[in-house]
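Colleague: Sharing a model that was predicted from the sequence below.
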Amino acid sequence: MTLDDLNAIAPIVTAVVIAATAIAALIQLRHMRAANHISAMWSVHEMFSDAEYATARRFLRTHLVRLTADPTFKLFLTKEIQGHPPADPPEEYVTAVNAATLVANTHEVIGNMVIQGLIKREIMLRGYAWVIDGTWRMLEEYIRIARAAERGDGLFEDFEYMTVCARTWIRRHPVSYPMGYGRILPSFEHDSGQSRTPAG
């Protein structure tokens, strides 16, 4: 092989090496992104599995509807939000605010992670759309009172965004089970003659 032949081949070899390097880098980047998504989703799982979070949700499911209908609690929450908490409030009121703050902030953080691209929105919604929607419904009146006290709608807006996304996803996917696959157990409709409604 002559020097001219080598000079002719060299650019082709260089291009092949550059292309191979670029492909390897893209593959590595894809693996890194997948690992980051897995790590982020595991963080979400840990947030929802946290004992303090579970205790807060349990308290809110049991007490929040009654409290948000109570004018005295509404006044307490309004003053709390405005930075003028009353002295010696009932312990139940303080527990409710702490529980609502913990649960709503958890969903706010998750919404921010989705907005920033740390978690793929579709993956998050497939696993947790009903949880997000149900949690917003549980806290909606509380958030309404808190926003009125703040005179703005910025409080928990990432949580609100995720709820809008979740409701859209649920409308499009009323059943999350993959299409075209058989079921092990008979459907609820066949068992009782009633239609199945996704959990809120």
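Modeller: Done, it's in. These figures come from a predicted structure and were not determined experimentally.

Colleague: C-alpha from now on. contacts and neighbour counts both.
Modeller: Fine.

Colleague: so what's residue 59 up against?
Modeller: The contact partners of residue 59, by C-alpha atoms under 8 Å, 6 or more residues apart in numbering, come to 96, 99.

Colleague: Check which helix or strand it maps to.
Modeller: helix 51-68 (DSSP states H and E).

Colleague: following that helix, which helix or strand shows up next?
Modeller: Following helix 51-68 in sequence, per DSSP H and E, is helix 71-81.

Colleague: Let me know the angle separating the helix or strand where residue 109 lies from helix 51-68.
Modeller: Assigned by DSSP H and E, residue 109 falls within helix 91-115. Angle, helix 91-115 to helix 51-68, by axes from the mean of the first three to the mean of the last three C-alpha atoms, to 10 degrees: 120 degrees.

Colleague: The helix or strand that helix 91-115 is followed by: how far from the chain's middle?
Modeller: Counting by DSSP H and E, the next helix or strand C-terminal to helix 91-115 is helix 121-150. On the basis of C-alpha atoms, centre = their mean, to the nearest Å, helix 121-150 is displaced by 9 Å from the centre of the chain it belongs to.

Colleague: Need the contact partners of the following helix or strand past helix 121-150.
Modeller: Downstream of helix 121-150, the first helix or strand assigned by DSSP H and E is helix 157-172. Here helix 157-172 makes contact (C-alpha under 8 Å, 6+ apart) with 104, 107-112, 125-126, 129-130, 132-133, 136.

Colleague: What residues sit buried inside helix 157-172?
Modeller: 158-160, 162-163, 165-167, 169-170 (16 or more other C-alpha atoms under 10 Å).

Colleague: same deal with stretch 121-129?
Modeller: Buried-residue list, stretch 121-129, by 16+ other C-alpha under 10 Å: 121, 124-125, 129.

Colleague: now the residues you listed in TSV, with distance to residue 147 and pLDDT?
Modeller: Shown next, in TSV, are the buried residues of stretch 121-129 (distance: C-alpha to C-alpha, whole Å; pLDDT from 0 to 100):
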residue	distance to residue 147	pLDDT
121	26	92
124	26	91
125	26	93
129	24	95
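
Colleague: and which of the residues you listed is nearest residue 69?
Modeller: residue 129 (27.1 Å; C-alpha to C-alpha).

Colleague: and the gap between the closest residue to the closest one other than its chain neighbours and residue 39?
Modeller: In this structure, residue 129 finds its nearest non-sequential neighbour in residue 166, 4.6 Å apart by C-alpha to C-alpha, 6 or more residues apart in numbering. Distance, residue 166 to residue 39, by C-alpha to C-alpha, to the nearest Å: 21 Å.

Colleague: Nice, that's everything, thank you.
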